[in-house]
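Peer 1: give me a model of this one.
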Amino acid sequence: MPPLLTFAARVSDGLPLVASFAPTSEVLEEHKQQAKQILRGLASSRSAAKMSIETTARKVFHYLIRDNICYMTLTESSYPKRLAFLYLEEIGDGFIEELTRDYSDQWRSAVDTAARPYQFIKFDQFIQRKQRDFVDPTSRQNATKLNEDLNDIHSIMKKNIEEVLNRGEKLENVSAISSRLVDQSKEFKWGAKKLTWQAMLNQYGPIAAAGLFVCFVLYMKFFW
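Peer 2: Now for the predicted structure:
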């Protein structure tokens, strides 16, 4: 089974730049929505450069981040992880090559200023060719790629879909708690200052009042 869906998206806001779907019923609408949620969540935290995310129906998302672009695919859980990331690397290399051909050294600006989803949809043809190349993990071509690959897949972060999709909510909760703590800290500081002034008045107030009374008596006796 080939990579089932492929996205290239801008990391800063999750805007999909191009997407391609394999002609199969294995890709559920649920998975498409999960992919978009994952991409939107990349900007809200410091995301790992590579990650595999286990999801429903024995599927796994894999993504690779390079040059502020996230390349994501969905595969069967039995599909070799190393081959999935080799696929994403070839998609990334081809995408940058295509952008460089169209925009020269201004391709980063073209990505940063893209205003509509799937603005680079013509790259879909390249993705479809690559999907066909990676259909069979046991083919001679892919076996050779795996043998030549020196990347350590054990260093790739692994999570499940619930952890990733709940991350945005948790970050919002942390932000709200942080704001409340700041407000409480300000209130505490003001309360502490108020208590300090009250303590000083209680301690030195009677002495000051007595001094003023003595000064008043002396003034009345000698100058009135």
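
Peer 1: and the residue lying closest to Leu42 once chain neighbours are set aside, how far from Leu146?
Peer 2: Leaving out its chain neighbours, the residue that sits closest to Leu42 by C-beta to C-beta, 6 or more residues apart in numbering is Val11, at 5.0 Å. Where you see a C-beta, it was placed from the backbone N, CA and C, and this is true even at glycine. Distance, Val11 to Leu146, by C-beta to C-beta, to the nearest Å: 28 Å.

Peer 1: between those two, who's got more neighbours?
Peer 2: The neighbour count for Val11 versus Leu146, taken as other C-beta atoms under 10 Å, is higher for Val11 (17 against 13).

Peer 1: where does that one fall, phi/psi-wise?
Peer 2: Taking degrees, to the nearest 10, you get phi -70, psi -40 for the backbone angles of Val11.

Peer 1: just Pro117 next, same as before
Peer 2: Torsion angles, degrees, to the nearest 10, at Pro117: phi -60, psi 150.

Peer 1: now it. Nearest residue, chain neighbours left out?
Peer 2: Pro16 (5.1 Å).

Peer 1: bridging residues for that neighbour?
Peer 2: Ala9 (DSSP bridges).

Peer 1: for the protein, which segments count as helices?
Peer 2: For the chain, helices defined by DSSP state H occupy the ranges 29-41, 81-103, 107-112, 124-133, 140-148, 161-165, 167-223.

Peer 1: my guess is Arg108 meets Arg66, correct?
Peer 2: No - with contacts counted by C-beta atoms under 8 Å, Arg108 stays clear of Arg66, the gap being 11.7 Å.

Peer 1: how close does Ser139 get to Lys145?
Peer 2: Distance from Ser139 to Lys145, by C-beta to C-beta: 9 Å.

Peer 1: what about the closest residue to Ala110 other than its chain neighbours, distance to Glu90?
Peer 2: Once flanking residues are discounted, Ala110 sits nearest to Tyr103: 4.5 Å by C-beta to C-beta, 6+ apart. As judged by C-beta to C-beta, Tyr103 and Glu90 stand 20 Å apart.

Peer 1: same question for Tyr71.
Peer 2: Taking C-beta to C-beta, one finds Tyr71 at 10 Å from Glu90.

Peer 1: cool, and Pro137?
Peer 2: 14 Å.

Peer 1: endpoint to endpoint, stretch 102-112 covers what distance?
Peer 2: With C-alpha to C-alpha, to the nearest Å as the measure, stretch 102-112 spans 15 Å from end to end.
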